[in-house]
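J.: Requesting a structural model of the entry that follows:
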Amino acid sequence: MMIAAILESGQPERLYTGLSLLVSAAAEGRPARGLVSFGALAPLLDEAPPADDTFSRSLHELRETARELDDCRLYACAAAVERTGASAEAIEARLDGVMSTPRFLREVEGAQLVVV
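T.: Numbers count the residues shown, from 1 in each chain. Prediction:
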């Protein structure tokens, strides 16, 4: 069964938990999808953190692992992109595209859904 998460919180600990959930599921062969919403968008679009910031570096590495897994996808929320003015280049480099919330919910219908 697919697992899906709406990542809303900008708090690093909550983001880490949500990403860990998706990455762990995908690593075990379970489809995993995430919608990166308003609060989570900026932290997940950030470039590599400073070398001395262990927690941020771990979050960055987890995001990169999600991108490498075959059945793990992270999409930027269309409304969040529009509202924040997030750059298309950053989204293309770090996420799997842009998707509206209604479309995301249709795509993950029947999945276990969590909001972080």
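
J.: pLDDT weak spots in the protein?
T.: 48-52 (pLDDT under 70).

J.: Centre-most residue in it?
T.: By Cα atoms, centre = their mean, the chain has its centre lying nearest to Leu74, at 4.3 Å.

J.: tell me the secondary structure for that one?
T.: Following DSSP: H, G, I helix; E, B strand; the rest coil, Leu74 is assigned to strand.

J.: wait, what's in contact with it?
T.: 7, 22, 33-34, 36, 44, 63, 66-67, 95-96 (Cβ atoms under 8 Å, 6 or more residues apart in numbering). C-betas here are computed from N, CA, C, even on glycine.

J.: Report the buried members of those.
T.: Using 16 or more other Cβ atoms under 10 Å as the burial test, those include 7, 22, 33-34, 36, 44, 63, 66, 95-96 as buried.

J.: ok, of the residues you listed, which one's closest to Val108?
T.: Distance to Val108, by Cβ to Cβ, is smallest for Arg33 among the buried ones among the contacts of Leu74, at 5.3 Å.
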